[in-house]
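A.B. asks: Quick check, what structure comes out for this input:
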Amino acid sequence: MKNKRSFNIIIDVSSIAFLLLPNLIFFIGWYKWYIGFPLTLLSVYLLYKFYRGYQSELKTEELEIPDIKYLFGMLGVSLLLAYIGGMGELTYQTTDYIKHNVIFSNLATKPWPVNAGDPRSPGDFLCYGLAYYLPASSIGKIFGLKSVIAGSFVWGASGIFLCLIWIQRTANLYKWTFILIFLFFNGLDPLFNLIDGQVKDLNEILSWDGIGYPILLSYISPARLVVWNPQYTIPAWLGTSMIVYLCRLHKNGVGISAFVASLTLIWAPFITMGLIPVWIYYLVKSRFKNLINFYSVSGGIILVIVAAYYAAHEPIKDYPEFLWQEGLAHALRDYSIFIMVEIGVYLILVYIINRKYKLIPSSFRQLMILSVAVLLVLPIYRMGLFNDFLMRVSMPSLLLMTLGIVSVLYKTITEGLYRKSFPVILMWIFFAIGATVPIRFLATPLWPAVRVAKNSIADDSYSIYDLNDLHGGWEISFQYRGSNKSFYYKYLSSNYPETSNGIVPKSSGFK
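C.D. replies: Residues are numbered from 1 along each chain as shown. Next comes the predicted model:
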């Protein structure tokens, strides 16, 4: 019993601390001291308050815990996934690391807020979800850029480890078979690529960039998210799992989960948006009890302060905002194919199997219905150069739906249903087809992607504006920039008024 309590306390407190640490760095480094310092004290106090009230406010008796050997095994998997994903520059990095490496380097070597280095708009600054980068880059300010490379690996692997534990904790199931099914789960996009005939080689068949340009409909598999987008994956998986956990078991679950959700905003605002339906579900289920407390009010304050930073972002309005703007018939075709390929086939089979064998617990069934409803609605709206709105806001709901499907797949093995049910056999056939995509991405060190990053964290010669040249002259840096004329920069930023005249400070290091 003591081991169970110790494990739960360590995981819970360290997970909140993991999400919180970048916030503390951000408050102190990016805001005026009389804003950042009180927010830092408030956040640390809430973490301490959570720890002190743990035993009296949380009911964790029903939770299983893994043994020490299993935990070390999960740590090994986390280190392997971090290596495969290119963390620490130990192997090939996907093109997303062009941006990652420049941001790491800029945060470690330039004054905060970081100037974007655009000669046409010399006052623009880096305005993006910074949480993933801040801890390692802060170490780099003291020990140099080489330490950022090592720090990024340790930080990223730690986040993956916590995510894997929370995924299994949400299912209350610590089994190798379960986590392997989860990591290799994917939609049927390779099958669509083959049927569609728009493929040149195997690499293209196993690469899924979505359907319906310029709307770009895409839901992404767990393995690809870890390899390509750890900065989104970690807050999405931790935030979703912790909200479900806290709202089920914590005395003030709705309030403290609001605080946890607020901590994800500086990680990625679209992830925070994706957490809102899950949080509202539990708010309604609790009949609005414990909504107003110290946790929720503090979370609201953090949301407002950080939202002011994002409000400085340059607007992006170069693409259609709604699916039907490309023509209703075309939109219906793309939407129908996308839903069936990505989630529809699995959901139909899961419904048939669960109706007969009752494999999904009733407590999780409503969460699955909620997640599916969100995933059906999200494709209607588009935002961002690559429709990041759909890909990122969907991640919490996609996780919950995936956990439901993976739980069914796991139980069909443990209960031997694959021997006597045709829908089960069919679902495993589709799983095998979809798994070819995660296999491809998990084989990155042996089979690098067509497009790989060629810049390093240790190269401090690139500014945010230089992302355009690093991407072959494509105007891409506007996604990461905010205006020095914004309310945040003028009244909240730690660096105003030194750069208010639009002059890049000499200390910034830009040439």
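A.B. asks: dump the residue contacts of Arg169.
C.D. replies: Arg169 sits next to 11, 63, 241, 245 when contact means C-beta atoms under 8 Å, 6 or more residues apart in numbering. Glycine gets a C-beta too; all of them are placed from N, C-alpha and C.
A.B. asks: What separation do you get for the first one and Leu80?
C.D. replies: Relative to Leu80, Ile11 is positioned 21 Å away (criterion: C-beta to C-beta, to the nearest Å).
A.B. asks: quick one: which of those two has more around it?
C.D. replies: Ile11 (19 against 14; other C-beta atoms under 10 Å).
A.B. asks: pretty sure that one contacts Ile165?
C.D. replies: Yes. Assessed by C-beta atoms under 8 Å, Ile11 is found in contact with Ile165 at 6.1 Å.
A.B. asks: For the contacts of Arg169, point out the one with the lowest pLDDT.
C.D. replies: Minimum pLDDT for the contacts of Arg169 is recorded at Leu63 (87).
A.B. asks: Now for Trp279: which residues touch it?
C.D. replies: By C-beta under 8 Å, 6+ apart, the neighbours of Trp279 are 243, 247, 254, 257-258, 261.
A.B. asks: Show me where this structure has its strands.
C.D. replies: Along the chain, the segments classed as strands by DSSP state E run 125-126, 481-482.
A.B. asks: packing partners for the first one?
C.D. replies: Contact here means 3 or more C-beta pairs under 8 Å, 6 or more residues apart in numbering; DSSP states H and E; on that basis strand 125-126 packs against helix 96-109, strand 481-482.
A.B. asks: do the same with the last one
C.D. replies: Of the remaining helices and strands, those touching strand 481-482 by 3+ C-beta pairs under 8 Å, 6+ apart are strand 125-126.
A.B. asks: top of the contacts of Trp279 by neighbour count?
C.D. replies: The most neighbours, when these are compared by other C-beta under 10 Å, belong to Ala261, which has 28 neighbours.
A.B. asks: thinking that one is in contact with Gly239, fair?
C.D. replies: Yes. Between Ala261 and Gly239 a contact is recorded at 6.1 Å, counting by C-beta under 8 Å.
A.B. asks: still on that earlier bit, CSV please, covering the contacts of Arg169 and showing distance to Leu370.
C.D. replies: As requested, the contacts of Arg169 are arranged in CSV below (distance: C-beta to C-beta, whole Å):
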residue, distance to Leu370
Ile11, 25
Leu63, 22
Ser241, 15
Tyr245, 16
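A.B. asks: So which of these are in helices?
C.D. replies: Judged by DSSP state H, these include 11, 241, 245 as members of helices.
A.B. asks: Excluding residues flanking it in the chain, which one is nearest Lys411?
C.D. replies: Spatial nearest neighbour of Lys411, excluding adjacent residues (C-beta to C-beta, 6 or more residues apart in numbering): Leu359 at 4.6 Å.
A.B. asks: That neighbour - how many residues pack around it?
C.D. replies: 19.
A.B. asks: Asn290 too?
C.D. replies: 16.
A.B. asks: Please name the residues that touch the residue nearest to Lys411.
C.D. replies: 353, 407-408, 411-412, 415.
A.B. asks: what's the answer for Tyr51, then?
C.D. replies: 9, 13.
A.B. asks: go with 6 Å
C.D. replies: Val13 (C-beta atoms under 6 Å, 6 or more residues apart in numbering).
A.B. asks: distance of it from Ser105?
C.D. replies: From Tyr51 to Ser105 the distance is 35 Å (C-beta to C-beta).
A.B. asks: ok, now Glu475?
C.D. replies: With C-beta to C-beta as the criterion, Glu475 and Ser105 are 21 Å apart.
A.B. asks: between these two, who's got more neighbours?
C.D. replies: For Glu475 versus Ser105, the count of surrounding residues by other C-beta under 10 Å is larger for Ser105: 26 against 11.
A.B. asks: Quick check: which of the strands of the chain is buried the most?
C.D. replies: strand 125-126 (a mean of 26; mean count of other C-beta atoms under 10 Å).
A.B. asks: what about that one, average pLDDT?
C.D. replies: Here the average pLDDT along strand 125-126 is 95.
A.B. asks: before we move on, the earlier item: now the helices and strands packed on strand 125-126 as a markdown table including mean pLDDT?
C.D. replies: A markdown table is the format used below for those (pLDDT from 0 to 100):
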| stretch | mean pLDDT |
| --- | --- |
| helix 96-109 | 95 |
| strand 481-482 | 93 |
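A.B. asks: Any chance of CSV for those, columns distance to Leu328?
C.D. replies: Below are the helices and strands packed on strand 125-126 laid out as CSV (distance: least, C-beta to C-beta, whole Å):
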stretch, distance to Leu328
helix 96-109, 34
strand 481-482, 35
